[in-house]
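>>> I'd like to go over a predicted model; first the sequence, then the structure.
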Amino acid sequence: MSGHSKWAKVKHFKGAIDAKRGKIFSKLGREITIAAKIGGGDPGMNPRLRMVLLKCRTANMPRDNIERAIKKGTGGGESANFEDLTYEIYGPHGVALLVEVSTDNRNRTASDIRSIVTKNNGSIATPGSVSRLFQRKGQIIVSREAAGEDQLMEPALEAGAEDFKAEPQGYEILTEPGNFEAVHKQIEAANIKCDAAEITWLPTLTLPLAGEAAITAVNKLIEALEEHDDVKEVYSNAEFPDDTVKA
């Protein structure tokens, strides 16, 4: 789940790996297989596969799992045709969500997503009404334990980073999508470990959530969407308190 606070997001993702490791590995394996079917099994020639493998690294997915998923995608024979779709949704308390899916059955997925949203007090939005609230960016998160500010800022900016933010919890580096890989490789070349590195949708305006009822309602919808096998990512403009980590 991508939302704000970004630091709560990183903690949530690490916690989710421990709590739902099997589910996360299964979804990542499916993403790898789809990427390999579409663009081949060589990450050097397949940008989509490279992005999935970054997620796998963050999740500490075993290499054997990754190799099996790539082989499944490149094994030949008849295979389903997958298409990528994005659903624009308004959730409880006016929260805006972008939901990215990969599906081999558009009608089935549309019906499932609509059912999940309706059951959780949300609604499908008019195309463009939610996406205009987000911008596509490369985002890299680094903890203060991993690097000093000067040690990290110099290679990031030299490689084309758009913005560098130093905060008490760590550092956030933003890039244009086309510069993301160059910046990430430069940071890795400096032997600096990233807590998160992805091309994501970031809200241009966030919506603070106050009160347990609001936080619970929004999290319930996000979790229900994330549980669906076809859903790759859920992005929201909800601003969660820094100490909020989804159970």
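Thanks, I have the structure now. Residues are numbered from 1 along each chain as shown.
>>> only C-alpha atoms for contact and neighbour calcs from this point on.
Fine.
>>> against which helices or strands is the longest helix anywhere in the chain packed?
Counting residues, the longest helix found in the chain (DSSP state H) is helix 21-39. Under the contact criterion of 3 or more CA pairs under 8 Å, 6 or more residues apart in numbering; DSSP states H and E, helix 21-39 touches helix 47-58, helix 63-74.
>>> who's in contact with the first one?
Counting by CA atoms under 8 Å, 6 or more residues apart in numbering, the neighbours of helix 47-58 from elsewhere in the structure are 25, 28, 31-32, 35-36, 39, 41-44, 66, 195-199.
>>> could you redo the last one with a cut-off of 7 Å?
28, 31, 32, 35, 36, 43, 196 (CA atoms under 7 Å, 6 or more residues apart in numbering).
>>> check stretch 146-166 too.
171-176, 179, 182-183, 186-187, 192-193.
>>> repeat that with 8 Å
171-176, 179-180, 182-184, 186-187, 190, 192-194.
>>> show residues contacting the longest helix of the chain.
Residues outside helix 21-39 that contact it (CA under 8 Å, 6+ apart): 17, 41-42, 45-46, 48-49, 52-53, 55-56, 61, 65-66, 69-74, 82, 229, 232.
>>> equivalent analysis for stretch 174-183, please.
Residues from elsewhere that reach stretch 174-183 (CA under 8 Å, 6+ apart): 136-140, 155-157, 159-164, 199.
>>> most widely separated two among these?
The widest separation within these, taken as CA to CA, falls between 136 and 155 and amounts to 22.1 Å.
>>> more neighbours, those two?
Of the pair residue 136 and residue 155, residue 155 is the one with more neighbours under other CA atoms under 10 Å, namely 19 against 14.
>>> what's downstream of the helix or strand hosting the more buried one, the next helix or strand?
Using DSSP states H and E, residue 155 maps to helix 149-158. In the C-terminal direction, the helix or strand that comes right after helix 149-158 (DSSP H and E) is strand 163-167.
>>> could you dump the longest helix of the chain to PDB, C-alpha only?
What follows is helix 21-39, C-alpha atoms only, in PDB (Å, rounded to 0.1, in the frame of the first residue of the first chain):
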ATOM      1  CA  ARG A  21       5.000 -13.600   3.700                       C
ATOM      2  CA  GLY A  22       3.400 -16.400   1.700                       C
ATOM      3  CA  LYS A  23       0.700 -14.100   0.200                       C
ATOM      4  CA  ILE A  24       3.300 -11.500  -0.700                       C
ATOM      5  CA  PHE A  25       5.600 -14.000  -2.300                       C
ATOM      6  CA  SER A  26       2.700 -15.500  -4.300                       C
ATOM      7  CA  LYS A  27       1.700 -12.000  -5.600                       C
ATOM      8  CA  LEU A  28       5.300 -11.100  -6.500                       C
ATOM      9  CA  GLY A  29       5.700 -14.500  -8.200                       C
ATOM     10  CA  ARG A  30       2.600 -13.800 -10.300                       C
ATOM     11  CA  GLU A  31       4.000 -10.300 -11.200                       C
ATOM     12  CA  ILE A  32       7.300 -11.900 -12.300                       C
ATOM     13  CA  THR A  33       5.500 -14.500 -14.400                       C
ATOM     14  CA  ILE A  34       3.400 -11.900 -16.200                       C
ATOM     15  CA  ALA A  35       6.400  -9.600 -16.700                       C
ATOM     16  CA  ALA A  36       8.400 -12.500 -18.200                       C
ATOM     17  CA  LYS A  37       5.600 -13.500 -20.500                       C
ATOM     18  CA  ILE A  38       5.200 -10.000 -21.800                       C
ATOM     19  CA  GLY A  39       8.900  -8.900 -22.100                       C
END
